[in-house]
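In: Okay, sequence plus prediction incoming.
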Amino acid sequence: MTRKARQEPVSLLPELARGRLLTVEEAAERLNTTPRFPRRLIEERRIAFVHVGRNVRIPEAALDAFIAAGLVEPVTTTRRRRAA
């Protein structure tokens with residue numbers, strides 16, 4: 001007796017799981033790294049991912065969120081000139 005997995009409606013999926021799903025190689029290309037880096041992110045559970053059968057895919061939105069989380073804003077300071 002086989003048991004079918006219950007399909008959830010798309011509206012119930014988390015926001016990060018919607019949209020385009022990238023392979024590890026595509027994610028690595030987008031990050032300008034080797035495929036080893038996204039695989040390590042997946043292994044350490046530092047990025048959201050989806051299992052599609054035996055394959056692993058990274059939602060484009062999750063990759064965008066990972067990149068945004070690492071964004072460092074520049075610091076602007078006002079320079080004062082010394083009086084001579």
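Out: Sure thing, it's come through.
In: which residue sits closest to the spatially most central residue of the chain, ignoring its sequence neighbours?
Out: When Cα atoms, centre = their mean is applied to the chain, the residue found nearest the centroid is residue 63 (2.2 Å). By the measure of Cβ to Cβ, 6 or more residues apart in numbering, the closest residue to residue 63 outside its immediate chain neighbours is residue 27, 5.7 Å from it. Just so you know, the C-beta spots here come from the backbone N, C-alpha and C atoms, and that holds for glycine as well.
In: Which residues belonging to whichever strand or helix holds the residue nearest to the centre of the chain are considered buried?
Out: Assigned by DSSP states H and E, residue 63 belongs to helix 60-69. Using 16 or more other Cβ atoms under 10 Å as the test for burial, helix 60-69 gives 60-63, 66.
In: Let me know the closest of the residues you listed to residue 75.
Out: Distance ranking of the buried residues of helix 60-69 against residue 75, using Cβ to Cβ, places residue 66 first at 22.8 Å.
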